[in-house]
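K.L.:
below is the sequence, then the predicted model.
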Amino acid sequence: MLQLDRVELAQPGFRLTADWSVPKGARVALIGPSGAGKSSLLSAIAGFFPPVGGHVLWDGSALDGLAPGERPLSILFQDQNLFPHLTVAQNVGMGLRTDLRLSADQTARVTAALARVGLAGLESRRPAELSGGQQGRAALARVLLRARPLLLLDEPFAALGPALKTQMLDLLGDVAGETDATVLMVTHDPADARRFAGLTVLVEGGTAHAPAPTEALFTAPPPELAAYLGAT
Ligand SMILES: Nc1ncnc2c1ncn2[C@@H]1O[C@H](COP(=O)(O)OP(=O)(O)OP(=O)(O)O)[C@@H](O)[C@H]1O
């Protein structure tokens, strides 16, 4: 379980509070106006941006003081975090060992993860030699390989067209399902939330509201969400 225990974030001119939890395996969309604090909240959970109050807990243990790399999570941003000078296989292998001194078993796991996301045969290419969708797949292969229990995604597929984005969301759902990962995904697109996330957190007005069932939330949006969606 991921628990945000009275978490308070602050930047000059910006405050955000969050006080809720989500169960293991939950898929949660974070939605809300630009500048509301969605990315900041992910950064705080990941350990890049310390809260000024409260605690982030995973399975009951506070993550305070742990560096990002020591936390039980993987992060995926819109640029997919692929290193341009490394091959696809090396980029994925970085998920296991950053010095890339992989054992034969680890190399086989990289190959298997690439095959799982439909990139068999492209191991030696560099990211620039892949399409946007293929780059997304490579990033998901790394996530699959790391098998961390918590995935944080910040508009991961925003640059893709609608059909490809749908494919990637479904692949993400499969990957998360295979590792029983808990997923938090920032998106600006309600369709992403409806397709992928059983729960949605509305971030607005200085609050990351408690997760609510996505369908119910979009079927009868509270005034703050209606305002964001332009429905009022
Ligand atoms: N490094 C920083 N220094 C100072 N202020 C920052 C910093 N990063 C973000 N902010 C401010 O914190 C607030 C929240 O930004 P954040 O990026 O978390 O919002 P967001 O909801 O993810 O927005 P968007 O949807 O546009 O990506 C904004 O007011 C932003 O200007």
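P.N.:
Great, that's in hand. Residues are numbered from 1 along each chain as shown.

K.L.:
near the ligand, which residues of this protein?
P.N.:
Listed as neighbours of the ligand in the chain under the rule Cβ under 6 Å from any ligand atom: 11, 14, 32, 34-40, 203. Yep, even glycine has a C-beta here, placed from its N, CA and C like the rest.

K.L.:
and the buried ones among those residues, selectable in PyMOL?
P.N.:
Entered in PyMOL, the line below selects the buried ones among the residues of the chain next to the ligand, by 16 or more other Cβ atoms under 10 Å:
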select buried, resi 32+36+37+38+39+40+203
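
K.L.:
and of the residues of the chain next to the ligand, the nearest to Thr87?
P.N.:
Ser39 (29.3 Å; Cβ to Cβ).

K.L.:
chain neighbours aside, what residue packs nearest to the closest one?
P.N.:
Counting by Cβ to Cβ, 6 or more residues apart in numbering, Ser39 lies nearest to Asp154, which is 5.5 Å off, once chain neighbours are set aside.

K.L.:
quick check: bridge partners of the one you found?
P.N.:
Asp154 forms beta bridges with Phe77, Val186, as assigned by DSSP bridges.

K.L.:
ok, now which ones touch it?
P.N.:
Residues in contact with Asp154 (Cβ atoms under 8 Å, 6 or more residues apart in numbering) are 38-39, 42, 75-78, 185-186.

K.L.:
next: Arg109.
P.N.:
Taking Cβ under 8 Å, 6+ apart, one finds 96, 145 in contact with Arg109.

K.L.:
begin at 6 from now on, thanks
P.N.:
Fine by me, first position is 6 from now on; the one you just mentioned is Arg114.

K.L.:
which stretch of helix or strand covers it?
P.N.:
Assessed by DSSP states H and E, Arg114 sits inside helix 109-121.

K.L.:
show me which residues of that helix are buried.
P.N.:
Neighbour-count burial for helix 109-121 flags 111, 114-116, 118-119, 121 (criterion: 16+ other Cβ under 10 Å).

K.L.:
any chance you could map the helices in this structure?
P.N.:
Applying DSSP state H to the chain gives helices spanning 43-51, 93-98, 109-121, 137-151, 167-184, 195-201, 219-224, 228-234.

K.L.:
tell me who's in contact with the residue most central in space within the chain.
P.N.:
Centroid-nearest residue in the chain, with Cα atoms, centre = their mean: Leu158, separated by 1.8 Å. Residues near Leu158 by Cβ under 8 Å, 6+ apart: 80-82, 177, 188-191.

K.L.:
out of those residues, which is nearest to the ligand?
P.N.:
Val191 (6.3 Å; Cβ to the nearest ligand atom).

K.L.:
I'd say the closest one and Ser44 touch.
P.N.:
Yes - contact between Val191 and Ser44 holds when scored by Cβ atoms under 8 Å: they sit 6.3 Å apart.

K.L.:
quick one: the closest residue to Ala67 other than its chain neighbours from Leu68, how far?
P.N.:
Nearest residue to Ala67 in three dimensions, chain neighbours excluded: His60, at 4.6 Å (Cβ to Cβ, 6+ apart). Computed as Cβ to Cβ, to the nearest Å, the His60 to Leu68 distance reads 8 Å.

K.L.:
what subset of the contacts of Asp159 is buried?
P.N.:
Buried among the contacts of Asp159 (16+ other Cβ under 10 Å): 43-44, 47, 80-82, 190-191.

K.L.:
re earlier: what is the lowest-pLDDT residue among the contacts of Leu158?
P.N.:
Taking pLDDT as the measure, the contacts of Leu158 have their low point at Phe82 (82).
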